[in-house]
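[1] model the structure of this input:
(chains A and B)
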2 protein chains.
Amino acid sequence: MESRNQANILAALIKELGTDIVTPGIDVAPRYFTGYGEAPGSRPLALGRPRSVDEVSRIMRLCHRIGVSVVPQGGMTGLAGGAVPLGGEIVLSMERCSGIEEIDAAASTVTVKAGTVLETVQEAVRAAGFELGYDLGARGSCQIGGNLATNAGGSRAIRFGVVRDQVLGLEAVLADGTIVSSLNKMLKNNTGYDWKHLLIGSEGTLGVITRAVLKLYPERPSASTCLCVAPDYQSVVALWQQVRAQLPDASSFEVMWSDFYRYVSANTPGVRAPLPAQQAFYVLIECATAVHDATTSAARLESYLGAWLEAGLVSDAVLASSLQQAQELWLIREGLAIDELPNLINYDVSLPIGLIGEFAERCEKALISRWPQVVSLFFGHLGDSNVHIGVSIAELPGEGVHAVDVVVYDVVSAMGGSVSAEHGIGTHKKPFLGYSRSPAELALMRTLKAALDPKGILNPGKVL
Amino acid sequence: MESRNQANILAALIKELGTDIVTPGIDVAPRYFTGYGEAPGSRPLALGRPRSVDEVSRIMRLCHRIGVSVVPQGGMTGLAGGAVPLGGEIVLSMERCSGIEEIDAAASTVTVKAGTVLETVQEAVRAAGFELGYDLGARGSCQIGGNLATNAGGSRAIRFGVVRDQVLGLEAVLADGTIVSSLNKMLKNNTGYDWKHLLIGSEGTLGVITRAVLKLYPERPSASTCLCVAPDYQSVVALWQQVRAQLPDASSFEVMWSDFYRYVSANTPGVRAPLPAQQAFYVLIECATAVHDATTSAARLESYLGAWLEAGLVSDAVLASSLQQAQELWLIREGLAIDELPNLINYDVSLPIGLIGEFAERCEKALISRWPQVVSLFFGHLGDSNVHIGVSIAELPGEGVHAVDVVVYDVVSAMGGSVSAEHGIGTHKKPFLGYSRSPAELALMRTLKAALDPKGILNPGKVL
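    As a prediction, the model looks like this:
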């Protein structure tokens, strides 16, 4: 019965859209149901690869009518399971709705289709003398639509904000196939409800993002990068205040705790620790500026660095004197070496900046009291209150992850933090949404979901 | 029957909340039903002045149960009629829900109750070494809740964004009295739908904003201000691109068309035109910076000014050499003198920056062809695509305003602009919402309204 029903659905989809657009589940390649770095999810009933917003609309209209669930999908790099099918859905890959439609230099905007790979957009806008307000490690495979649907973050947020802040205009297809479009290019536009913000960050549960207008910034090809040692967390916060006041072109303020720095600088091939290990905090600061002001910018950073050293905010520092040196500093911060740790679990949380030092202490203590052999490494985009934690417990089997989650998120919740700073909820953090949101908020979210997707066909089982 | 029903409602309100909180309509002072600069609206059935979010909730719960409409109200400076009662509603003034709860220096946030006057917040955060990301002419009477409910703009948006961009956390009371609260202090927080953005800019039609957490920025007590002449609109746009690339601390880029500049500089008491009139465009640029960098900032502006003159982008310029001179430049831009024009109608629209020059030409032409004696003066926050127009037609009686609206908004709509950049829709622009939003968008807005306020008691007759 079940399978006959599924066969009927597949036949209806193929009849409506043809075999070029619809691939039966049996023939779908694993990449369409496997998140980055994860085991494959469930094979979908079918894969839809529309070439236009109208085809997206036709797929949604049909699925809405016959009551089939749809999983909108970008580059599968979201890290929260949000784009992985759970079984029986249609995967709606946006990869063919791709391409840059317009770069408007005067408005400083780019209009882009949702399936375009981030790096493609970055290259195109750079050729026009601009850059985007965000950058992500997954730039080579993530797609604009996915970036928006998950409200991605990255390490430039202190300067330009998160992805949400980059979006001026949006087009999306709602659950019933309705196309809503506001390809607005204006910073100011107060004409009714700003519905785009509801779709941004909703992880494909309220609509399928099909196009967007993003802000552009003048290209800043020249960056000055330094690494400082701060003697305690209070100094880290004081340094952050100084940076905000003194360096209007600062775009990164990244912090590494001692253990993280020691581990990564000792275990990253080709990298030697630029500053001695065993200090309390390491802060990576980057200022990026338009080329004609590069000398001023570098000189300004150097002069402030001197002042911070003198004031004791910073006890040691190194200023990158070449692009290569800067890249080495970033290589440490990126910390890919920690991926080698056994049973690594990555956390992505945020807390009010003043509390993060205490949070790290409490969190580590809670982990050690339960798992004395735990390795917990703290680092993150501190300027935007975002801290990542790599937790490795050698003796912990895979099914023990939930217990570690509970310990970490208990501390996050007790201190008023967020269980997901950048990556979203998807399925991975769904059990913990209530750690950061009140029952009234969850009820409001459910009201919005029911209003926009009354049949519950858009990415069911995700977020809520 | 009607009046007996009204008496019952009033009695129920007073029974629930007491006469300290509820004032019968007959005793309500006109300022609670009169918008700034406008004739009085309709006297409300009653005025509610709650002292806490719980009292707001109790008022809403009661009104929801008995089906009475509520008009949330801040400082009444919104200019779109959004907070003015239309007849038979309860006015819910937030003026007693006032006060600053916390300035968190490390997180760089201020937590504030909705009824707090903007200037009060500005003074408090300045005393702590910070400033807000926005400023408005109405600072002495407008309230934070109203600023958020209307997503106010102002003249710093090119640096910090609009009011929406300042909000990290929000608390609100929904139509049925439910309190939803997320007093988040983190820049990154991706835990489910970001419902606060739905309330921001919804003009009190989806909920009553009661508290907010706003971003703070390091105080920039020192500003450098200059006024330039640009020979044509193309040069204005090119100059804007230069400013964006070269001056990371630029916070204003304001443009005045020739007629505006000539009229205002000739008719503002105590002001003498700092540059000759009859040039094409006048651009006011302001950079503001932390005090320790003031010399660098002023020197940088001066040096770039020289380069722009040399490149012909700018044909004449004056750099304010004192605070008083800077204030005089701003006095011209603020253009209060145009309020003296007979039958003045003010417009607040936005268009993609590259099109605004052509827009002004087409708009003026359309007005002249209908009213040959029209005076139309263009000026605005050009860096954020916002242009204001003062239109004066001496022979036009008050009821002719709609005809002028149609002419202006026809051009806005044809060029893909917004009929409301900063001020919102309220009642004044309600007939024109469809000029900037598609039927599908309007339907989506109605779906959201119905979901959050199924009885339609929140600010009925506004926006939609």
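[2] which stretches of the stretch 201-350 of chain A have low pLDDT?
    For the stretch 201-350 of chain A, residues meeting the criterion pLDDT under 70 lie at A:291-294.
[3] what about A:Phe378, neighbour count?
    Counted with other CB atoms under 10 Å in any protein chain shown, residues neighbouring A:Phe378 total 25. In this view, the C-beta of every residue, glycine as well, is placed from N, C-alpha and C.
[4] need the phi and psi values for it.
    Per-residue torsions, A:Phe378: phi -110, psi 140 (degrees, to the nearest 10).
[5] chain neighbours aside, what residue packs nearest to it?
    Among residues not flanking A:Phe378 along the chain, A:Trp257 sits closest, at 4.0 Å (CB to CB, 6 or more residues apart in numbering or on different chains).
[6] let me see the contact set for the residue nearest to A:Leu355 when sequence neighbours are not counted.
    Leaving aside its chain neighbours, A:Leu355 sits nearest to A:Met415 (5.5 Å; criterion: CB to CB, 6+ apart). With contact set as CB atoms under 8 Å, 6 or more residues apart in numbering or on different chains, A:Met415 has these partners: A:Leu351, A:Leu355, A:Glu358, A:Phe359, A:Arg362.
[7] around chain B, pick out the residues from the stretch 301-450 of chain A.
    A:350-355, A:381, A:383-386, A:416-425, A:429, A:433, A:436-438, A:440-445, A:447-450 (CB under 8 Å from any CB of the partner chain).
[8] re the thing from before, what about the residue nearest to A:Phe378, distance to chain B?
    17 Å (CB to the nearest CB, to the nearest Å).
[9] separation between A:Ser436 and A:Asn151?
    15 Å (CB to CB, to the nearest Å).
[10] ok, now A:Leu301?
    30 Å.
[11] quick check: residues of the stretch 51-200 of chain A near chain B?
    A:104-109, A:150-151, A:153, A:157-158, A:161-162, A:164-165, A:174, A:178-182, A:184-195, A:197-198, A:200.
[12] are any of the residues you listed buried, and if so which?
    Buried members of those, counted by 16 or more other CB atoms under 10 Å in any protein chain shown: A:104, A:106-109, A:150-151, A:153, A:157-158, A:161-162, A:164-165, A:174, A:178-182, A:184-195, A:197-198, A:200.
[13] how many other residues sit next to A:Pro372?
    So A:Pro372, with other CB under 10 Å, has 9 neighbours.
[14] so A:Glu254 sits against A:Arg156, correct?
    No. A:Glu254 lies out of contact with A:Arg156 (CB atoms under 8 Å); the separation is 10.8 Å.
[15] follow-up on the earlier one: measure the residue nearest to A:Leu355 to chain B for me?
    Remark: distance between A:Met415 and chain B (CB to the nearest CB) = 11 Å.
[16] so which residues of the stretch 151-300 of chain A form strands?
    With DSSP state E, counting those that start in this stretch as the criterion, the stretch 151-300 of chain A has strands at A:167-173, A:179-182, A:208-215, A:217-218, A:222-230, A:250-257, A:281-289.
[17] show me where the stretch 1-150 of chain A has its helices.
    Secondary structure of the stretch 1-150 of chain A by DSSP state H, counting those that start in this stretch: the helices cover A:2-17, A:53-66, A:118-127, A:144-149.
[18] distance from the chain centre to the last one, please.
    Read it as helix A:144-149. In terms of CA atoms, centre = their mean, to the nearest Å, the centre of helix A:144-149 is set 9 Å apart from its chain centre.
[19] packing partners of that helix?
    Applying 3 or more CB pairs under 8 Å, 6 or more residues apart in numbering or on different chains; DSSP states H and E, one finds that helix A:144-149 contacts strand A:70-73, helix A:118-127, strand A:208-215.
[20] which of these is buried the deepest?
    strand A:70-73 (a mean of 29; mean count of other CB atoms under 10 Å in any protein chain shown).
[21] mind listing residues that contact it?
    By CB under 8 Å, 6+ apart, the surrounding residues in contact with strand A:70-73 are A:32, A:44, A:48, A:59-60, A:63, A:83-86, A:89-94, A:145-146, A:149, A:204, A:208-209, A:457-459.
[22] how about a cut-off of 6 Å?
    Strand A:70-73 is contacted from outside by A:Cys63, A:Ala83, A:Pro85, A:Glu89, A:Ile90, A:Val91, A:Leu92, A:Ser93, A:Gly204, A:Val208, A:Ile457, A:Asn459, using CB atoms under 6 Å, 6 or more residues apart in numbering or on different chains.
[23] thanks a lot, see you next time.
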